[in-house]
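# Sequence and predicted structure below; questions after.
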Amino acid sequence: MWAYSNAAFRVVVSGARRFRLEPGTMIVVTHRRETDVPVICPPLYFGARLWRFPEDRMAFAARDDMFVPGFFAGFPPELSPLGRRLLYRVGVGRYLLGIGVYPISSASVARVGEVLRESPYARLKDALPPELADGLRVRSDELGLSPPERAGDVLRGEYADLLWRQVTRGAVPGPDGFWERRATQAAADFRRLVEVAREGALVVFPEGRPSPDGEIGPLRRGFSALVRRARPRRLLPIAIAYDPLVPGRTRAVVTLGPSVETPLADVEDATLDLLRTRTALTGGQYVAHELEAGRSPTDAGLAGAVEAAREEGRPVDPELLDPMRVAARVAAALAAAGRRPEALPFLAREYASARVS
């Protein structure tokens, strides 16, 4: 993960460089991209010196579909039919528990493939609503495959992205007992997470998924229940700010801590405020915010944003702490904005969201 993250990004770590992951620490992380895990793991591993203190256990709470067969074929949004076919049988679920990754399950949400796998001999039109069944048949026509009649006919890589669509208990009845069994499994997974959090340090992404628009939050339902049941002694916030409006590789500013005592009331609001105030100000955020507001970014404006962040105790990309670098940073971000206009709304929303408290 260190090799990948430093090849893909220019990772900048701000905050504590040496710390201990004491039992009862819950590590709460902002979820910005699917690359967040390999970006935060090296600073955690090296910062906590886990090779030296193996008793300081660290575990991860992860989305439950990572444990479902076909994850690598169904989850990525852009894969060719050949790629999905090749990856469909590749699964990592059996290994995740062994390296300290535990699922967060839902009692009322599942994937299409999970429903169909429970009743492979059921007629497709009986197993799914028409709009979902029709989508699978359209895919078979596009690829020149035999029209699927039974649920098991579509349990293959060519349909992996369609099998990964979410369905709810109200929209898809599922085979007999499917949702009851799912509820039982979700409760068991939750109890195991509580035990893990009490015994060691647990990494949690409270938002549940990468932000689609730059907003920090909202937090996933159930996070406050996990905190109440596990009763962690401290929360260690980690916030990531990606800045693609730079020359070359995207900067990834990772802010570690400091840890705080776990709030006793208004857990969700307190945690969300913690994550927002630990998200570093970047040059890309400021420039995007000004451009989206119809204003021209200026050196003085960025310098003022840096000064305001420091007065409020908010972290800042270390590059911006050098006044001699501010003008160059604005110019570089403006040049990159012309090449990456799609990044502007996300960065502008992140800038504004980090200042909501």
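In hand now; what should we look at?
# gap between stretch 172-180 and the chain center?
Its chain's C-alpha centre and that of stretch 172-180 lie 28 Å apart, by C-alpha atoms, centre = their mean, to the nearest Å.
# List the buried residues of that stretch.
Across stretch 172-180, burial judged by 16 or more other C-beta atoms under 10 Å covers V172, G174, P175, F178, W179. For the C-beta atoms, the positions are set from N, CA and C on the backbone; glycine is no exception.
# same question, stretch 60-67
Neighbour-count burial for stretch 60-67 [16+ other C-beta under 10 Å]: F60, A61, A62, R63, D64, D65, F67.
# on that earlier part again, closest one of the buried residues of stretch 172-180 to D322?
V172 (55.9 Å; C-beta to C-beta).
# Quick check: the closest one is in a helix.
No: read with DSSP: H, G, I helix; E, B strand; the rest coil, V172 is coil and lies in no helix.
# Show me the buried residues of stretch 60-67 that map onto strands.
Those of those mapping onto strands are F60, A61, A62, R63, per DSSP state E.
# pull the longest helix from the protein.
Counting by DSSP state H, the longest helix found in the chain is helix 178-199.
# Identify the residues contacting that helix?
The contact list for helix 178-199, computed with C-beta atoms under 8 Å, 6 or more residues apart in numbering, reads 23-24, 26, 57, 59, 61, 64, 100, 102-108, 110, 115, 118, 169, 202, 222, 225-226, 229-232.
# G304 - that's part of a strand, no?
No: counting by three-state DSSP, one finds G304 to be helix, located in no strand.
# quick one: pLDDT of it?
Confidence at G304, expressed as pLDDT, is 96.
# distance of it from S224?
36 Å (C-beta to C-beta, to the nearest Å).
# Helix or strand with the lowest mean pLDDT in the protein?
Ranking every helix and strand in the chain by mean pLDDT, DSSP states H and E puts helix 93-96 at the bottom, with a mean of 85.
# Tell me the helices and strands packed up against the next helix or strand after that one.
Next helix or strand after helix 93-96 toward the C-terminus (DSSP states H and E): strand 101-104. Packing contacts for strand 101-104, counted by 3 or more C-beta pairs under 8 Å, 6 or more residues apart in numbering; DSSP states H and E, involve strand 58-63, helix 178-199.
# Flag every buried residue along stretch 331-349.
For stretch 331-349, by 16+ other C-beta under 10 Å, it's A332, A333, L334, A336, A337, R340, A343, L344, F346, L347, A348, R349.
# For it, measure first residue to last.
End-to-end distance for stretch 331-349: 21 Å, by C-alpha to C-alpha, to the nearest Å.
# Which residues does that stretch contact?
Residues from elsewhere that reach stretch 331-349 (C-beta under 8 Å, 6+ apart): 211, 213-215, 243-247, 282-289, 291-293, 297.
# roughly how far out does that stretch sit from the chain middle?
For stretch 331-349 - counting by C-alpha atoms, centre = their mean - the centre lies 22 Å from the chain centre.
# Stretch 112-131 now?
Centroid separation for stretch 112-131 versus its chain: 29 Å, with C-alpha atoms, centre = their mean.
# Ok, stretch 234-248 next?
Using C-alpha atoms, centre = their mean, the offset of stretch 234-248 from its chain centre is 13 Å.
# Turn the buried residues of stretch 60-67 into a markdown table, columns for distance to A327.
Output for the buried residues of stretch 60-67, formatted as a markdown table (distance: C-beta to C-beta, whole Å):
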| residue | distance to A327 |
| --- | --- |
| F60 | 41 |
| A61 | 43 |
| A62 | 43 |
| R63 | 42 |
| D64 | 48 |
| D65 | 46 |
| F67 | 50 |
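# Name the member of these with the shortest distance to S5.
Here the nearest of the buried residues of stretch 60-67 to S5, counting by C-beta to C-beta, is F60; it sits at 15.9 Å.
# So the closest one versus D266, what's the distance?
Separation of F60 from D266 (C-beta to C-beta): 26 Å.
# which other helices and strands contact the longest strand seen in the chain?
The residue-count maximum for a strand in the chain (DSSP E) belongs to strand 234-243. Helices and strands touching strand 234-243, by 3+ C-beta pairs under 8 Å, 6+ apart, are strand 25-29, helix 36-47, strand 250-256, strand 260-261, helix 267-277, helix 283-292.
# more crowded one of G304 and S224?
Set G304 next to S224 and count neighbours by other C-beta atoms under 10 Å: S224 wins out with 18 against 12.
# was I right about that one contacting V267?
Yes: shown here, S224 and V267 form a contact pair, counting by C-beta atoms under 8 Å, at 4.2 Å.
# thinking again about what came up before, could you export the helices and strands packed on strand 234-243 to CSV, including columns for mean neighbour count, mean pLDDT and distance to R191?
Below are those laid out as CSV (neighbours: other C-beta atoms under 10 Å; pLDDT from 0 to 100; distance: least, C-beta to C-beta, whole Å):
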stretch, mean neighbour count, mean pLDDT, distance to R191
strand 25-29, 24, 96, 16
helix 36-47, 19, 94, 24
strand 250-256, 24, 97, 30
strand 260-261, 11, 94, 25
helix 267-277, 19, 95, 19
helix 283-292, 25, 98, 40
